[in-house]
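K.L.:
Next one to model:
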Amino acid sequence: MLENRYYRGWVTGHELTGFEVKCGESDLMILADSNLQKQAFVCASYYYNTIREYINDNPDFVNSLSPLPLDKNASSIIRSMYEASETAGVGPMAAVAGAIAEYTGMDLLHLSKEIIVENGGDIFIKTSRRRNIAIYAGNSPLSGKIGLVIPEYSSIRGICTSCGTFGHSLSFGKADAAVAISGSAVLADAAATAIGNTVKNPEDINAGLEHAQSIRGIDGAVIIAGSKIGAWGKIELVDLDQNG
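P.N.:
Presented below is the predicted three-dimensional model:
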């Protein structure tokens, strides 16, 4: 069942065109130079079905909570999930939302110079303008009040969030938001899960950030637990209460 993602009302792309694409359990919000809904549906459906078909033949892929040996004969999106899970130390399905967002977004970049794809709180972004991305953190008083700054003419970024206090994603932690930033949304998704798993209470924020630093390919991380926040890496935070 697809959730009512009301937090999408916080997202504005100004000059970009926004539209939604739903296929199976994937529910994407996309911002692009023009309405590419039909093309996006074709792309997202292809990757969603590729993963579903692979799961049918390889049940361990969906059930494992730890890395599995790489299947070199699998499709590119499946191999990327294997590789991200190995790097982050989690099961391959921890990267599924980021993988669909990234692969769909990369396809759409052939049709649009700027693309933002959000899939259940996991974001693939390529932009030429400075943008603020709000961090949704459930019932935390900081939810929606802190944002990540994406500088203008930035490279492709993956910004993914794991939540231990709300949502349907599996997490063994209690962070309201564990955010990982990387050049790959696939890796960022897996890493966000790994980071979130280490945070059982607000006192674990520093441990979570230390764990983030140990994951190769992660450029930065933000952890929110209750009224406390911690950050590490090549990131800029913004107070959205003051900046809108």
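K.L.:
a helix runs through E83, doesn't it?
P.N.:
Yes. The assignment for E83 by DSSP: H, G, I helix; E, B strand; the rest coil puts it in a helix.
K.L.:
just checking, G18 touches D33?
P.N.:
No. The criterion here is Cβ atoms under 8 Å, and G18 misses it with D33 at 11.4 Å. (Glycine included, C-beta is placed from N, CA and C.)
K.L.:
Can you tell me the strand partners of the host helix or strand of I123 and which way each runs?
P.N.:
Per DSSP states H and E: I123 is located in strand 122-126. Strand 122-126 has its sheet partners listed here by DSSP bridges as strand 115-119 (antiparallel), strand 157-162 (antiparallel).
K.L.:
Name the residues that touch the first one?
P.N.:
Counting contacts by Cβ atoms under 8 Å, 6 or more residues apart in numbering, the residues outside strand 115-119 that touch it are 8, 11, 13, 16, 26-32, 97-98, 100-102, 104-105, 108-109, 123-127, 131.
K.L.:
Return the members of the residues you listed classed as buried.
P.N.:
Among those, those buried by neighbour count (16 or more other Cβ atoms under 10 Å) are 11, 13, 16, 26-32, 97-98, 100-102, 104-105, 108, 123-127, 131.
K.L.:
Neighbours of E20, how many?
P.N.:
Close neighbours of E20, defined as other Cβ atoms under 10 Å, add up to 14.
K.L.:
Not counting its neighbours along the chain, what's nearest it?
P.N.:
In space, and not counting its chain neighbours, E20 is closest to M29: 5.4 Å by Cβ to Cβ, 6 or more residues apart in numbering.
K.L.:
List the pairing partners of the helix or strand harbouring the one you found within its sheet, with orientation.
P.N.:
Taking DSSP H and E as the definition, M29 sits inside strand 26-32. Here strand 26-32 has these sheet partners by DSSP bridges: strand 17-23 (antiparallel), strand 115-119 (antiparallel).
K.L.:
so A44 sits right up against V21, yeah?
P.N.:
Yes. Between A44 and V21 there is a contact under Cβ under 8 Å: 5.2 Å.
K.L.:
Mutual contacts of the two, please.
P.N.:
Common neighbours of A44 and V21 (Cβ under 8 Å, 6+ apart) are 28, 104.
K.L.:
Pick out whichever of these two has more residues nearby.
P.N.:
A44 (27 against 23).
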